[in-house]
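> the following comprises the amino acid sequence and a computationally predicted model.
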There are 2 protein chains.
Amino acid sequence: MQFKITEELLELVQELIETQDDKALKHLLKDYHYADVAEILNDLELEDALYVIKLLDSETTSDILTELDEDIREKVLQNLSAKEIAEEIQELDTDDAADIIAELPISRQHEVISKIEDEDHKAEIQELLTYDEDTAGGLMAKELVKVYETWTVAGCLRRIRGQAENVTRVHSVYVVDKKNKLIGRLSLKDLITAKSDQKIADIYISTVDSVYVDEDVEEVAKIMAKYDLEAIPVVDRNKTLLGRITIDDIIDVIKEEADKDYQLAAGISQDVEADDSILQLTRARIPWLALGLLGGIGAFLIMEGFQESFSKYAVLFFFTPLIAAMAGNVGVQSSAIIVQGLANDDVKGSINSRLIKEMLLAALNGAILALFLFLFVFFYNGDLLTAIAISVSLVAVIVVAGLVGTFVPLFLDKRGIDPAIATGPFITTSNDIFGILIYFLIAKLILGF
Amino acid sequence: MQFKITEELLELVQELIETQDDKALKHLLKDYHYADVAEILNDLELEDALYVIKLLDSETTSDILTELDEDIREKVLQNLSAKEIAEEIQELDTDDAADIIAELPISRQHEVISKIEDEDHKAEIQELLTYDEDTAGGLMAKELVKVYETWTVAGCLRRIRGQAENVTRVHSVYVVDKKNKLIGRLSLKDLITAKSDQKIADIYISTVDSVYVDEDVEEVAKIMAKYDLEAIPVVDRNKTLLGRITIDDIIDVIKEEADKDYQLAAGISQDVEADDSILQLTRARIPWLALGLLGGIGAFLIMEGFQESFSKYAVLFFFTPLIAAMAGNVGVQSSAIIVQGLANDDVKGSINSRLIKEMLLAALNGAILALFLFLFVFFYNGDLLTAIAISVSLVAVIVVAGLVGTFVPLFLDKRGIDPAIATGPFITTSNDIFGILIYFLIAKLILGF
């Protein structure tokens, strides 16, 4: 039931390719779901993967193509002729077809499109390519089942048999008026349970959720998740029915969004995977590490600036990693809660009330931790004033770190910038610097140097 | 089209509640989707929310209940009698019903269950409650449409009309043998397009994905996302059809899983939201902060151990925040990539090859950053040996941090422990300590103190 790639399976496939035993290869692969065949191809050498793709028919390989790892698909496409790619495109739903074409270099795109034989399919794909990929238009497919309100149930079912051949999952049947404007919907269940001579106009449901073609995909995902929708029609501002987004595409959007936020929080600036090349991984990781390095140099300069107090208060310097670490941890916690809250639409109320709440929370957490730190420093070090200086600094640093971690994402979000950028190394680095600065200023104040 | 709560709407609702204008209130709310009404109730005072729930009929309020914020639902349920809760339960699908009952204290659970009038519904809910909530059994619903292979298409459609009343979304129709074992499936589309006198046995699809009732929900989510499924039947080890999981529940699982991983990476140990109380937030945040504090004290002790070198090499101590920060950043990046890769099933190959790759990657990144650091220290400080000591330490620290960040999640995963625990403060704190220790040891070696 669960498919797992095994060494044996891979070796078998490689053997069959080597001996060019096409019959056995086809027989072996035909029982696997295309997503599983894609997994197998991901693990083969490029030439072996190409061998399989050219061996199997387009109807099978087109689906496999959509499931391949992005980097591997890129190489595969480079090794197929425009005609061969067009043949795959013919077999795909318009949303997948448009996605694959969009991955090609512009020059190849025109070439491939020109080789698509089905004029309707070509026109629909070209329309989809005009939409921004992060909008509903860029996610939708043109395949859907629509009926006119003037039809009867019997007439509907008859025509659906025709339309539905091209539609993998029907979900709702959309009802339009004669100008093609979306006016309602029906489920297949409704059609089956209705009397065959009833008019569509009498039985359709007029409340139908829809999204505008320029809506952000994250908004679409929120709407579909909130209302438990499996498909949603896409319309223009005149309510003309343009296409449909299905839940499987939304799941991909949700996962990609979560992955992106997670990577930003870890200071990885591009979409990378564990199996990418060392060069790709370096390109994604170095930027934020460089920022951290600059921050560290900033911290160095601050500490150097206070070095006259060194001989007398060396212990202060030994606690800087602790102060910096706490500032970083608190900042990361605060920003993560805000960013997550914004993503789930849980953040209401004014920024001010939120900052006040964070200040109280940070003060409470800081006081608890500072108490323990005070006891440790006092009993270990002996000097009361030093213990007070370090503990008071900790509370101050935690409060400031919490406020920064809360404020920055909210500020970015209000300006339309992705708040997830203000997580991870950005927050830890800036909080390190603030923290160390505040620490020494307070220590200077209390200890009088 | 898009619902947004406005101040005016909330005030209007509150006003109608105050004046007990039931008719107007019902009229206002009946046009809103239950998920939107739940959003409104989330923002009302508890007594106002209760007023609305008692006012509307159970069919509406039951769905609203499932969409309420968890904490608010808890308070609402506390204020409803067992009989009232049972009335809501009657209206819900078995999976939602079981979820709500499971949220009650055990004593109340028995009371509410005893008041459910429909014996079948009660038995089904009781069965669902026996399953672990993190398994397919805990997620599934008993509502589904099944047909026997001996029926005809016409007979099928006739009976589906009866069964389908209770099933919100039919998706696939499941085909069973006379022992109720799952043997195949049909889509409604297939049924509509088939001839009415054909036997089910001749037209059903025998390849049908299914999951075992004890399968982990994350595995179920992966399977449904991979194969683009919208519903999947749940069976026991004898292939007896037990229930069905629909995609909307899986979306919730995916989002909760992503939220949980994100919170762990930020050092938040419980499921909290931005609007939770200061006490709840403190309880979730303090544990990891306490760990960070202990780590900071560890770093203090290490630095103190090297303090004889202080007077001569004060500059070393000024760079400790930089070293600790870089160790933390690199460790977080490495662990995030591994954890994400494990979640997406992208991590293949042996642990050893992955560690070697990480070592090369970290050495490359470390060398690039160390070069810049060397130049800064040399031109700012002047002493060649010091610059070399600090730069070499940086490379060593980055390599070790990368290896730790890669190894620990893989190690935990192989032992069946959630690798996401080894992200965030756990990694930064341990890498801080390793980093500072390695730094001073290398510096001691190179500078000879």
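Sure thing, it's come through.

> strands of chain A, residue ranges please.
With strands called from DSSP state E, chain A shows them at A:146-148, A:172-176, A:182-187, A:211-212, A:231-235, A:241-246.

> now those as a markdown table including mean pLDDT?
A markdown table is the format used below for those (pLDDT from 0 to 100):
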| stretch | mean pLDDT |
| --- | --- |
| strand A:146-148 | 90 |
| strand A:172-176 | 90 |
| strand A:182-187 | 90 |
| strand A:211-212 | 96 |
| strand A:231-235 | 95 |
| strand A:241-246 | 95 |
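
> reformat these as JSON lines; add mean neighbour count.
All C-beta spots, glycine's among them, are computed from the backbone N, C-alpha and C. Putting the strands of chain A into JSON lines (neighbours: other C-beta atoms under 10 Å in any protein chain shown) gives the following:
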{"stretch": "strand A:146-148", "mean neighbour count": "19"}
{"stretch": "strand A:172-176", "mean neighbour count": "22"}
{"stretch": "strand A:182-187", "mean neighbour count": "20"}
{"stretch": "strand A:211-212", "mean neighbour count": "21"}
{"stretch": "strand A:231-235", "mean neighbour count": "24"}
{"stretch": "strand A:241-246", "mean neighbour count": "24"}
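
> how many other residues sit next to the closest residue to residue A:88 other than its chain neighbours?
With C-beta to C-beta, 6 or more residues apart in numbering or on different chains as the criterion, residue A:88 has its nearest non-adjacent residue at 4.3 Å, and that residue is residue A:62. The number of residues packed around residue A:62, counting by other C-beta atoms under 10 Å in any protein chain shown, is 23.

> a markdown table for the strands of chain A, including distance to chain B?
Shown next, in a markdown table, are the strands of chain A (distance: least, C-beta to the nearest C-beta, whole Å):
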| stretch | distance to chain B |
| --- | --- |
| strand A:146-148 | 13 |
| strand A:172-176 | 10 |
| strand A:182-187 | 8 |
| strand A:211-212 | 7 |
| strand A:231-235 | 9 |
| strand A:241-246 | 9 |
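
> so which of those gets nearest residue A:67?
Using C-beta to C-beta as the criterion, the shortest distance between residue A:67 and the strands of chain A is 15.8 Å, found for strand A:241-246.

> residues contacting the closest residue to residue A:247 other than its chain neighbours?
Spatial nearest neighbour of residue A:247, chain neighbours left out: residue A:230 (4.6 Å); criterion: C-beta to C-beta, 6+ apart. Counting by C-beta atoms under 8 Å, 6 or more residues apart in numbering or on different chains, residue A:230 touches A:169, A:171, A:224, A:246-247, B:169, B:230, B:247-248.

> try residue A:411
residue A:351.

> run through chain A and note the low-pLDDT ranges.
A:1-2, A:164-168, A:348-349 (pLDDT under 70).

> which residue would you name as the spatial centre of it?
For chain A, residue A:257 is the residue whose C-alpha lies nearest the centre (C-alpha atoms, centre = their mean; 1.8 Å).

> and that one, how far is that from residue A:125?
25 Å (C-beta to C-beta, to the nearest Å).

> for residue A:303, same thing?
Residue A:303 is 60 Å from residue A:125, by C-beta to C-beta.

> do you know which of the strands of chain A lies nearest residue A:437?
That would be, of those and by C-beta to C-beta, strand A:211-212, which comes in at 47.5 Å.

> which neighbouring elements make contact with the closest one?
Here strand A:211-212 touches helix A:217-226, strand A:231-235, going by 3 or more C-beta pairs under 8 Å, 6 or more residues apart in numbering or on different chains; DSSP states H and E.

> partner strands of that strand, with direction?
strand A:231-235 (parallel) (DSSP bridges).

> which one is the residue nearest to the centre of chain A nearest to, not counting chain neighbours?
Closest residue to residue A:257 apart from its sequence neighbours, by C-beta to C-beta, 6+ apart: residue A:218 at 6.1 Å.

> could you do residue A:72 as well?
Per C-beta to C-beta, 6+ apart, closest to residue A:72 is residue A:42, 5.7 Å.

> quick one: that neighbour and residue A:70 touch, right?
No. Between residue A:42 and residue A:70 there is no contact under C-beta atoms under 8 Å: 10.3 Å.

> the more surrounded of these two?
With neighbours defined as other C-beta under 10 Å, residue A:42 and residue A:70 compare such that residue A:42 has more, 18 against 9.

> tell me the contacts of that one?
Contact analysis of residue A:42 by C-beta under 8 Å, 6+ apart lists A:49, A:68-69, A:72.

> can you pick the most crowded of the residues you listed?
Greatest neighbour count in these, by other C-beta under 10 Å, goes to residue A:49: 24 neighbours.

> what residue in the stretch 1-150 of chain A comes nearest to chain B?
residue A:35 (5.0 Å; C-beta to the nearest C-beta).

> pull the number of nearby residues for residue A:23.
8.

> ok, now how distant is it from residue A:40?
To residue A:40, residue A:23 is 18 Å away according to C-beta to C-beta.

> over to residue A:237?
Distance, residue A:237 to residue A:40, by C-beta to C-beta: 46 Å.

> likewise for residue A:95?
Residue A:95 sits 25 Å away from residue A:40, taking C-beta to C-beta as the criterion.

> try residue A:259
According to C-beta to C-beta, residue A:259 and residue A:40 sit 23 Å apart.

> next: residue A:195.
Plainly put, residue A:195 is 50 Å away from residue A:40 if you go by C-beta to C-beta.

> okay, those two: which has more neighbours?
Between residue A:195 and residue A:40, residue A:40 has the larger neighbour count (other C-beta under 10 Å), namely 21 against 9.

> next up, the contacts around the more buried one.
The neighbours of residue A:40, taking C-beta under 8 Å, 6+ apart as the test, are A:5, A:9-10, A:13, A:29, A:32.

> again, 10 Å this time
A:3, A:5, A:9-10, A:13-14, A:28-29, A:32, A:48-49, A:52, A:64 (C-beta atoms under 10 Å, 6 or more residues apart in numbering or on different chains).

> I'd say residue A:70 and residue A:272 touch.
No. Checked against C-beta atoms under 10 Å, the pair residue A:70 and residue A:272 is beyond contact range at 11.0 Å.

> just the buried positions in stretch A:372-379, please.
Using 16 or more other C-beta atoms under 10 Å in any protein chain shown as the test for burial, stretch A:372-379 gives A:373-374, A:376-378.

> of the residues you listed, which ones also sit close to chain B?
For chain B, the contacts drawn from the buried residues of stretch A:372-379 by C-beta under 10 Å from any C-beta of the partner chain are A:373, A:376-377.

> would you mind listing what in the stretch 1-150 of chain A touches chain B?
Residues of the stretch 1-150 of chain A lying close to chain B (C-beta under 10 Å from any C-beta) are A:1-5, A:31, A:33-36, A:38-39, A:42-43, A:63, A:66-67, A:69, A:145.

> mind listing which of those residues are in helices?
Taking DSSP state H, the ones among the residues of the stretch 1-150 of chain A next to chain B that sit in helices are A:34-36, A:38-39, A:42, A:63, A:66-67.

> just the helices from the stretch 301-449 of chain A, written as ranges.
Listed from the start of the chain, the stretch 301-449 of chain A has helices (DSSP state H, counting those that start in this stretch) covering A:314-318, A:320-343, A:351-381, A:384-414, A:425-447.

> ditto for the stretch 1-150 of chain A
Counting by DSSP H, counting those that start in this stretch, one finds helices in the stretch 1-150 of chain A at the ranges A:7-18, A:22-29, A:34-42, A:46-55, A:58-67, A:70-78, A:82-91, A:94-103, A:106-114, A:119-129, A:136-139.
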